[in-house]
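Q: quick one: sequence and predicted model below, then my questions.
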Amino acid sequence: MKALILAGTQEDCPLSKVHANKALIKIHGREMINYIIDALRNLDIIDTVAVVGPTQELLPIKNQADVIVNGESSMTANILKGVEIFSDDDMILISTSDIPMITSEAIGDFVEKSLILDADFCYPIVPKEENENKYPGVKRTYVKIKDGTFTGGNMVLVKAGTVKRCVKKAEAFMSYRKKPWKLAGILGINFVIKLLMGTLTIKQLEDRVSDLFGIKARAVICPYPEIGTDVDKDSDLELAARVLS
């Protein structure tokens with residue numbers, strides 16, 4: 001299995017005042033992205049770790065990744081550039097570069113549950129209670145549905161060919177990944193109503209996404225909050241420093 005870490009420059013990130021590229025912010029003397037690379041390398045199922053982002057900015061980690069693909073500022077463009085180095089049949093674990101608390105155990109749990117589903121696209125969702133138990137007081141974006149209240153993860157497992165076919169259409173989904181009401185709007189008014197009423201089910205969401213993109217999409221409930229706890233602001237950076245100390 002291949003892994004692709006997105007490490008493009010994020011100019012709208014509050015932490016850009018610390019470093020132009022958030023992936024390179026240091027925690028205990030190590031670039032944030034290196035914690036993610038380590039977690040991936042400790043898994044036997046991962047044979048390639050690729051990073052996509054501005055190659056000049058990523059020079060400090062050039063010896064850590066197997067491949068560094070020169071990327072752009074757009075997440076969609078970077079995903080496309082990254083998956084182009086793989087064959088259509090390859091399963092790609094795509095991760096953001098700002099989840100330094102991620103562990104091999106968490107990744108392995110998500111991948112194992114995903115592979116059983118034999119889907120084209122798998123997305124992790126974390127129950128609110130799991131997040132609050134492990135990281136009390138940390139604010140995350142939650143969606144309440146019939147099956148429970150969840151926050152989304154920062155990692156997906158997807159076939160490379162699926163990405164190449166669907167990434168342009170999925171651009172709005174990615175841009176609204178932290179704006180659940182707008183995301184529901186793309187899915188249709190019935191979903192907006194069900195979401196507002198808290199009656200939407202995971203299966204209904206899976207079926208709708210599968211129909212829209214012509215793929216088999218599945219949500220994977222993960223008990224590991226670190227898969228959905230990214231570093232976006234100073235308080236997140238402080239949390240990561242405590243956890244990784």
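A: Great, that's in hand. Residues are numbered from 1 along each chain as shown.
Q: residue ranges in the protein under the pLDDT threshold?
A: 9-18, 73, 172-185 (pLDDT under 70).
Q: ok, and the closest non-adjacent residue to the residue nearest to the spatial centre of it?
A: Centroid check for the chain by C-alpha atoms, centre = their mean gives residue 154 as the closest residue, at 2.1 Å. Distances taken as C-beta to C-beta, 6 or more residues apart in numbering place residue 96 nearest to residue 154, at 4.4 Å, with adjacent residues excluded. For glycine as for every other residue, the C-beta is placed from the backbone atoms N, C-alpha and C.
Q: over to residue 57?
A: residue 21 (4.6 Å).
Q: got the residue ranges for the helices in the chain?
A: Assigned by DSSP state H, the chain shows helices spanning 32-41, 75-83, 104-117, 128-134, 160-166, 171-175, 180-187, 189-197, 202-213, 234-243.
Q: just the CA trace of the first one, in PDB.
A: The one in question is helix 32-41. Only the C-alpha atoms of helix 32-41 are listed here, as PDB (Å, rounded to 0.1, in the frame of the first residue of the first chain):
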ATOM      1  CA  MET A  32       5.600  18.100  12.300                       C
ATOM      2  CA  ILE A  33       5.400  16.000   9.100                       C
ATOM      3  CA  ASN A  34       8.100  13.700  10.400                       C
ATOM      4  CA  TYR A  35       5.800  12.400  13.200                       C
ATOM      5  CA  ILE A  36       3.400  11.300  10.500                       C
ATOM      6  CA  ILE A  37       6.100   9.700   8.300                       C
ATOM      7  CA  ASP A  38       7.300   7.800  11.300                       C
ATOM      8  CA  ALA A  39       3.800   6.400  12.100                       C
ATOM      9  CA  LEU A  40       3.500   5.300   8.500                       C
ATOM     10  CA  ARG A  41       6.900   3.700   8.300                       C
END
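Q: quick one on the thing from earlier: the residue nearest to residue 57 and residue 202, how far apart?
A: Residue 21 sits 35 Å away from residue 202, taking C-beta to C-beta, to the nearest Å as the criterion.
Q: ok, those two, which is more surrounded?
A: residue 21 (23 against 17; other C-beta atoms under 10 Å).
Q: determine which of the helices of the chain approaches residue 4 most closely.
A: helix 75-83 (4.4 Å; C-beta to C-beta).
Q: pull the residues that contact that closest one.
A: If you take C-beta atoms under 8 Å, 6 or more residues apart in numbering as the criterion, helix 75-83 is touched by 4, 6, 8, 50, 52-53, 69-72, 92, 94, 160, 163-164, 167-168, 170-171, 174-175.
Q: among those, name the buried ones.
A: 4, 6, 8, 50, 52-53, 69, 71, 92, 94, 160, 163, 167, 170 (16 or more other C-beta atoms under 10 Å).
Q: would you turn those into a markdown table with distance to residue 37?
A: A markdown table is the format used below for the buried ones among the contacts of helix 75-83 (distance: C-beta to C-beta, whole Å):
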| residue | distance to residue 37 |
| --- | --- |
| 4 | 12 |
| 6 | 13 |
| 8 | 16 |
| 50 | 10 |
| 52 | 13 |
| 53 | 13 |
| 69 | 15 |
| 71 | 16 |
| 92 | 15 |
| 94 | 14 |
| 160 | 20 |
| 163 | 21 |
| 167 | 23 |
| 170 | 25 |
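Q: what is the nearest of these to residue 239?
A: Using C-beta to C-beta, those come closest to residue 239 at residue 6, 21.2 Å.
Q: so that closest one touches residue 94, yeah?
A: Yes. Counting by C-beta atoms under 8 Å, residue 94 is a contact partner of residue 6 at 6.9 Å.
Q: sorry, back to before: so the residue nearest to the centre of the chain touches residue 98, yeah?
A: Yes. Under the criterion of C-beta under 8 Å, residue 154 makes contact with residue 98 at 7.2 Å.
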